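Visitor: quick one, fold the following:
(one chain, ligands or ions: 1)
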Amino acid sequence: MLPQPVSLLRNARLATGELRDVALDGPVVADVLPAGAGSAAGAALDLGGALLLPAGAEPHAHLDKAYTWDAIEPPFGDLVGAIESFHAFQEQLTEEDILARARRAALRLLANGTTAIRSHVNLLPGDRPFRGVDAMVRLRAELDGLLDLELVALPPVGMDDATIEAALDRGLDLVGGAPHLDPAPDADVRRLVAIAERRGIGIDLHTDESLDGPVTITGFAAAVRDWPADRVRTAGHSVRLGTLGADDLREAVDAVVASGIGVVGKMGIGLRALFTPPSARDVVER
Ligand SMILES: [Zn+2]
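Guide: Okay, the predicted model is just below:
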């Protein structure tokens, strides 16, 4: 006989510190009651005062690169060295290898309470560019019902539109890219935004992942400012915001706020400014 599904969590500690009983209707919280007041239609689970939090969401993962450190043995150093060593390594990657490592990482996240992951997926140079794409689409199907996996196409610099669109056709959800690495960064932003617009889907760009390189986030903001409110637009990493001068930072922050872009990045002073009301921004910038 199958065990009864849990319909009541007793003695859950909420984030506010209060002790409560939480009634469940399947996967949905049906009621939050004073501790001891809940009655269970099905099985009850006593949490004994353990902290109860909503399921976690991972907004920026690279599951296709998970658990590769030992195989690559990258040189200790900077981001560029890490990227170069991965690019050399990825030539030998197989779909099955990518799937096995990505599955291991996704299940580990799930076991720790994360039920939604957005993962970028490298489109690979050469004549077999979709090994990672096909592995991740298979993983998404495997985990259907356990966690929500959203997949972003991450093309290398200079990959043509047709190959990016072919990757999307194989089941990816969002356009991605790293325009700050392109010789013409602002034009690359517009090109990638145009692909998303042609297909009516969202975009999640690696944005300005350097301390002193180009600033593309302002042009990105301008390009998506008039998009429908419910279409995804995300800027990842956004390291450069942390090294902008006050005037440039103000311009970038205002553009990002007006565009509805969500920023997933390193928490430097720039990002603190983003999450600070305008009246307090001068204080942050000083
Ligand atoms: Zn990334």
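Visitor: bridge partners for residue 207, pull those for me.
Guide: Residue 207 forms beta bridges with residue 237, as assigned by DSSP bridges.
Visitor: correct me if wrong: it contacts residue 218.
Guide: No - if you go by CB atoms under 8 Å, residue 207 and residue 218 don't touch, sitting 10.1 Å apart. From N, CA and C alone the C-beta is placed, and that goes for glycine too.
Visitor: can you show me the strands along the stretch 51-200 of the chain?
Guide: 56-61, 114-122, 148-154, 174-177 (DSSP state E, counting those that start in this stretch).
Visitor: so, low pLDDT: which residues of the protein?
Guide: 1-2, 266-286 (pLDDT under 70).
Visitor: before we move on, the earlier item: more neighbours, residue 207 and residue 218?
Guide: Using other CB atoms under 10 Å as the criterion, residue 207 and residue 218 rank with residue 207 on top: 30 against 20.
Visitor: for that one, give me its contacts.
Guide: Counting by CB atoms under 8 Å, 6 or more residues apart in numbering, residue 207 makes contact with 179, 180, 216, 217, 220, 235, 236, 237, 238, 240, 265.
Visitor: go again with 7 Å.
Guide: 180, 216, 217, 220, 235, 236, 237, 238 (CB atoms under 7 Å, 6 or more residues apart in numbering).
Visitor: quick check: chain neighbours aside, which residue is closest to residue 177?
Guide: residue 192 (4.6 Å; CB to CB, 6 or more residues apart in numbering).
Visitor: ok, the one you found to residue 82 distance?
Guide: 23 Å (CB to CB, to the nearest Å).
Visitor: looking at those two, which is more packed in?
Guide: residue 192 (24 against 16).
Visitor: among the strands of the stretch 51-200 of the chain, which is nearest residue 3?
Guide: Closest approach to residue 3 among those is made by strand 114-122 (20.9 Å; CB to CB).
Visitor: residues in contact with that closest one?
Guide: Looking at what lies outside strand 114-122 - CB under 7 Å, 6+ apart - the contacts are 55-64, 90, 106, 109, 132-133, 136, 147-154, 172, 176, 204.
Visitor: and stretch 184-197, by the same measure?
Guide: 161, 164-165, 175, 177, 179, 182, 202-203, 205, 214, 216, 219-220, 223-224.
Visitor: of those, closest to residue 12?
Guide: When these are compared for distance to residue 12 (CB to CB), residue 202 comes out closest, at 34.7 Å.
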